[in-house]
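In: pasted the sequence and its predicted model underneath.
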Amino acid sequence: MAKKILIVEDERILNQTLSQKLKDSGFIVISVFDGQEALDKIKENKPDLILLDIILPVLDGISVLKYLKTSDENKHIPVVVLTNLNDDKKVEEALKEGATDYLIKVDYDLNAVLQVVKHKLNLP
Amino acid sequence: MLGKTKPRSLWNNLINAGISGSTENALFHKVRLINLFCIVGISTIGFFGIYNFYLGKEISGVVELFLSLGFALGALGLRFTRNVDQISSFLLFLLLVTLLFLLYTGGIEGTGIFWLFTFPVTAFFLKGKRGGWFWVIYLIILYLEFVLFSQLNLLLIPYSFVTIRQALISLVVVSFLIYFYEDVNEKSQKIIIKKEVELEHEKEIDKAKTEFISLASHQLRTPLSAMKWIMNSILQKGESLTMEQKNYMDDLYASNERMIALVNSLLNISRIDSGRLTIEAKPTNIDKIVENLKKQLQGKIESKELKLAIEIGSLGEVNIDPKLLNEILTNLLTNAIKYSKFGGRITIKVYIKNEELFFYISDTGYGIPENEQEKVFNKFFRANNIIKIETEGSGLGLYLTKMLVDSLKGKIGFTSKEGEGSTFWVSLPINGISRKGEVGLNS
């Protein structure tokens, strides 16, 4: 069965291109544009993996991570943080709050992101 | 502030006149000094008062005890008003009256005349250069009246004219000496304060600059990633593009990558500049790092048909920050490739000696002209012979590399000959330097 990926990204272009890439590779993609929406979709859809931006409207990425940590049924979902923030403190904070990976968007092309997603889900 | 406030000890409270020095530092300092002056005054004058009682000089004793009480009032006053000037005038007035009284009753052979010389010291201390003079002149005028009294035989114990004259001259001399001391003191204080202010200002400018670069770089990265991913998407569906369109897209992609590299360099420099770089040493497999480096740059090496030789013993794991090490080596090897002629040779040599990890990266490329070699690690440096051949490059690579090496407490250097090639070497301590970056920006 196809895996469900939740993309939390407020930049329309980034959200759109990444969604398309993952859809083309056979994933079911749910894409949202802010942290609150992300929480709603997590509860509704139980994604297999979350791609999460840090700076988001309404509720930021760190808060989403904090929620996941406290939720027993969702805390096992791997979260790959995908951001352009280049701040060691933020990396540390995100990893402490349970992010599995921290990727700088500008350094990853779509194929590389896809590889990370596949790797996290143990897909070939 | 979130920090806990320390319980203040009785002693601290006593010394600091019950105020804390967090807000107005200069005022706090002054209040503290005057308060200390009062405390010393209370105890010494009080002691002399009691001593005079013991000696049977009741009048002197009473006056000194009154003065001691006055100092106590001054110290108490400091807790209710911050008008330091009024308090110090009050203290000086008390002292003045007492001194004259001592002179009047004690006679020139008594201790009264010595106490006189404490006045200019106190006046300059409490009132500073100008205010101090006002009080000293006031004392001298009153003292001159004393001379008059003496001439009219109005004093209890008569003074000889010579003694009075000598005391007056001494008083003036002492006052001048203290004045000059205060003058020098004040000037040096001003210089110190000025320097502090300048330093503070410089720091602020530096911080603003760093914050600007950091913010700007971050804002630049988002559109750069958008372009990157859009081009990824277009190139993916490459079948529908003509050959010409595809070539243009490839060029666009390469340009975007150049821009990304430049922004990343700027961001990294600003991170190091502002102390936000975190260094985290951990057991790192050097062979693997070199292997990955080779893999990562394989494409570029092949496209120039370079021969790459790696001389590395089995080094196993050393304690070092892998991310920074990788960045340093990537920068150096990228340079070696970039400034190699087609078909050239690159040699990487790695070994450990005396708790230090050594890397040598040699190329047979263009080399650096001798007269430009000292500028190699400067920001934006690009060698003249290179600018003519290749315009691409920001001149930030080696500058950044040196900063990274410095933050790892390592050394970097090179030998180079124009037309024959360059060898860059790095030595890094492997005793595991770690450092937490300071609190970052919320940009």
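Out: Sure, I can see it. Numbering: from 1, shown residues only, chains lettered A, B, ... in the order given.
In: could you use CA atoms for every contact and neighbour count after this?
Out: Noted.
In: can you point me to the longest helix in chain A?
Out: helix A:12-24 (DSSP state H).
In: for that one, give the mean pLDDT please.
Out: The average pLDDT within helix A:12-24 is 94.
In: and the helix or strand containing residue B:46, how far from the chain's centre?
Out: Assessed by DSSP states H and E, residue B:46 sits inside helix B:25-55. Here the centre of helix B:25-55 is set off from its chain's centre by 37 Å, with Cα atoms, centre = their mean, to the nearest Å.
In: so what does that helix touch, helix or strand wise?
Out: Helices and strands touching helix B:25-55, by 3 or more Cα pairs under 8 Å, 6 or more residues apart in numbering or on different chains; DSSP states H and E, are helix B:10-15, helix B:58-78, helix B:84-106.
In: give me the angle between that helix and helix B:84-106.
Out: Using axes from the mean of the first three to the mean of the last three Cα atoms, to 10 degrees, the inter-axis angle of helix B:25-55 relative to helix B:84-106 is 20 degrees.
In: what about helix B:25-55, average pLDDT?
Out: For helix B:25-55, the per-residue pLDDT averages 82.
In: rewinding a little: what about the longest helix of chain A, near chain B?
Out: Yes: using Cα under 8 Å from any Cα of the partner chain, helix A:12-24 reaches chain B at A:13-14, A:17-18, A:21.
In: quick one: strands adjacent to the helix or strand following that helix?
Out: With elements assigned by DSSP H and E, the helix or strand that comes after helix A:12-24 is strand A:28-32. The pairing partners recorded for strand A:28-32 under DSSP bridges are strand A:4-8 (parallel).
In: helix or strand right after the helix or strand of chain A with the lowest mean pLDDT?
Out: Lowest on mean pLDDT, DSSP states H and E among the helices and strands of chain A sits helix A:88-96, with a mean of 81. Per DSSP H and E, the first helix or strand lying C-terminal to helix A:88-96 is strand A:101-104.
In: kindly export that following strand (C-alpha atoms) in CSV.
Out: Provided in CSV are the C-alpha atoms of strand A:101-104 (Å, rounded to 0.1, in the frame of the first residue of the first chain):
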residue,chain,number,x,y,z
ASP,A,101,16.5,14.5,10.4
TYR,A,102,17.3,18.2,9.7
LEU,A,103,17.8,19.1,6.1
ILE,A,104,18.6,22.5,4.6
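In: neighbouring contacts of the next helix or strand after it?
Out: With elements assigned by DSSP H and E, the helix or strand that comes after strand A:101-104 is helix A:110-120. Identification of contacts with helix A:110-120 by Cα atoms under 8 Å, 6 or more residues apart in numbering or on different chains yields A:18, A:21-22, A:49, A:78, A:124, B:229, B:232-233.
In: neighbour count and distance to residue B:33 for those residues - can I get that in CSV?
Out: Below are those laid out as CSV (neighbours: other Cα atoms under 10 Å in any protein chain shown; distance: Cα to Cα, whole Å):
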residue, neighbour count, distance to residue B:33
A:18, 25, 68
A:21, 20, 72
A:22, 20, 72
A:49, 20, 66
A:78, 20, 62
A:124, 6, 76
B:229, 26, 67
B:232, 20, 71
B:233, 18, 73
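In: I'd like these as TSV, with distance to residue B:431 appended.
Out: TSV is the format used below for the contacts of helix A:110-120 (distance: Cα to Cα, whole Å):
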residue	distance to residue B:431
A:18	42
A:21	44
A:22	44
A:49	39
A:78	34
A:124	39
B:229	41
B:232	42
B:233	46
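In: circling back to that earlier point, save the residues of helix A:12-24 next to chain B as JSON lines, and put in distance to residue B:423 too.
Out: Converted to JSON lines, the residues of helix A:12-24 next to chain B look like this (distance: Cα to Cα, whole Å):
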{"residue": "A:13", "distance to residue B:423": "44"}
{"residue": "A:14", "distance to residue B:423": "42"}
{"residue": "A:17", "distance to residue B:423": "43"}
{"residue": "A:18", "distance to residue B:423": "42"}
{"residue": "A:21", "distance to residue B:423": "43"}
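In: how about the nearest residue to the single nearest residue of chain A relative to chain B, chain neighbours excluded?
Out: For chain A and chain B, the shortest gap (Cα to the nearest Cα) falls at residue A:106, measuring 4.7 Å. Leaving out its chain neighbours, the residue that sits closest to residue A:106 by Cα to Cα, 6 or more residues apart in numbering or on different chains is residue B:225, at 4.7 Å.
In: name the helices or strands packed onto the one helix or strand the one you found maps to?
Out: Assigned by DSSP H and E, residue B:225 belongs to helix B:161-236. Judged by 3+ Cα pairs under 8 Å, 6+ apart, helix B:161-236 is in contact with helix A:12-24, helix A:110-120, helix B:118-151, helix B:243-273.
In: which element is the residue nearest in space to the middle of chain A on?
Out: Taking Cα atoms, centre = their mean, the centroid of chain A lies closest to residue A:51, which sits 1.3 Å from it. Using DSSP H and E, the element containing residue A:51 is strand A:49-52.
In: can you give me the angle whatever helix or strand comes next after that strand makes with strand A:4-8?
Out: Going down the chain from strand A:49-52, the next helix or strand is helix A:61-70, by DSSP H and E. Between helix A:61-70 and strand A:4-8, the angle comes out at 140 degrees (the same axes, to 10 degrees).
In: buried residues of helix A:61-70, list them for me.
Out: Across helix A:61-70, burial judged by 16 or more other Cα atoms under 10 Å in any protein chain shown covers A:61-66, A:68-69.
In: residue A:5 touches residue A:25, doesn't it?
Out: No: here residue A:5 lies out of contact with residue A:25, judged by Cα atoms under 8 Å, at a distance of 11.6 Å.
In: which one of the two is surrounded by more residues?
Out: Neighbours per residue (other Cα atoms under 10 Å in any protein chain shown) separate residue A:5 from residue A:25, with residue A:5 holding more: 22 against 12.
In: can you tell me how far residue B:423 is from residue B:356?
Out: Distance, residue B:423 to residue B:356, by Cα to Cα, to the nearest Å: 18 Å.
In: the more surrounded of those two?
Out: For residue B:423 versus residue B:356, neighbours defined as other Cα under 10 Å are more numerous around residue B:423 (21 against 16).
In: list the contacts of the more buried one.
Out: Contacts of residue B:423 (Cα under 8 Å, 6+ apart): B:360-363, B:414-416.
In: let's see 6 Å
Out: Shown in contact with residue B:423 (Cα atoms under 6 Å, 6 or more residues apart in numbering or on different chains): B:361-362, B:414-415.
In: excluding chain neighbours, what is closest to it?
Out: Nearest residue to residue B:423 in three dimensions, chain neighbours excluded: residue B:362, at 4.1 Å (Cα to Cα, 6+ apart).
In: three-state assignment of residue B:347?
Out: Recorded secondary structure, residue B:347: strand (DSSP: H, G, I helix; E, B strand; the rest coil).
In: what is it paired to in the beta sheet?
Out: Counting by DSSP bridges, the residues bridging with residue B:347 are residue B:309, residue B:362.
In: and the stretch 201-350 of chain B, which residues reach chain A?
Out: B:225-226 (Cα under 6 Å from any Cα of the partner chain).
In: quick one: the closest residue to chain A within the stretch 201-350 of chain B and residue B:302, what's the gap?
Out: Nearest residue of the stretch 201-350 of chain B to chain A, counting by Cα to the nearest Cα: residue B:225, 4.7 Å away. According to Cα to Cα, residue B:225 stands 27 Å off from residue B:302.
In: so which of these two has more stuff around it?
Out: More neighbours surround residue B:225 than the other of residue B:225 and residue B:302, with 24 against 14 (other Cα under 10 Å).
In: tell me the pLDDT of that one.
Out: For residue B:225, the pLDDT comes out at 94.
In: one more: residue B:65?
Out: pLDDT for residue B:65: 86.
In: how close does it sit to residue B:47?
Out: 8 Å.
In: of those two, which one has the most company?
Out: Between residue B:65 and residue B:47, residue B:65 has the larger neighbour count (other Cα under 10 Å), namely 22 against 15.
In: that one against residue B:48, yeah?
Out: No: with contacts counted by Cα atoms under 6 Å, residue B:65 stays clear of residue B:48, the gap being 8.1 Å.
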